[in-house]
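**Q** Below is the sequence, then the predicted model.
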Amino acid sequence: MAGWIIALISGTLMSLQGVFNTEVTKQTSIWLSAGWVQLTAFLTCVVFWLFGDRQTVSLLFAVRPWYLLAGGLMGAFITWTVIKSMAALKPAQATLIIVVAQIVVSYLVELMGLFGVDKAEFQWKKVLGAAVAVLGIFIFK
């Protein structure tokens, strides 16, 4: 149950962040807004690290494979793409498309066992669920 609650909070925060970032971009610029997001996220992480686990930063240099460290780079482009899509499509439609893309890509990662994820067995009900979600995009439009 905790996983469901955390996922609901995550989805809520992601949607609100997209709206906030889009509005900040209207008053500044896209890279200034995205930079602010990344900077404040970094500062928040530092504060939680200082009062939290305090694991040594050198552990990052031991992460293998190295490409797994590209999450921050992706984060900058996630911020940019969310802002641009929300400005072009409006928040609800953009969020729907973003979430459906996450569902489809995540399932493909599971099916192929990519990036260290345990390989999942193919299930038609999951494909059907994803297809219903894709159909939902067209119905919502």
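**A** Structure received.
**Q** Could you tell me which residues make contact with Leu108?
**A** Applying Cβ atoms under 8 Å, 6 or more residues apart in numbering to Leu108 gives the contacts Leu114. No exception for glycine: its C-beta is placed from N, CA and C like everyone else's.
**Q** ok, now how distant is it from Ala130?
**A** Separation of Leu108 from Ala130 (Cβ to Cβ, to the nearest Å) stands at 10 Å.
**Q** Okay, and the most centrally placed residue in the chain sits in which element?
**A** For the chain, the residue sitting closest to the mean C-alpha position, by Cα atoms, centre = their mean, is Ile78 at 6.7 Å. For Ile78, the host element (DSSP states H and E) is helix 71-89.
**Q** Buried residues in that helix, which are they?
**A** Ile78, Thr79, Trp80, Thr81, Val82, Ile83, Ser85, Met86, Ala87 (16 or more other Cβ atoms under 10 Å).
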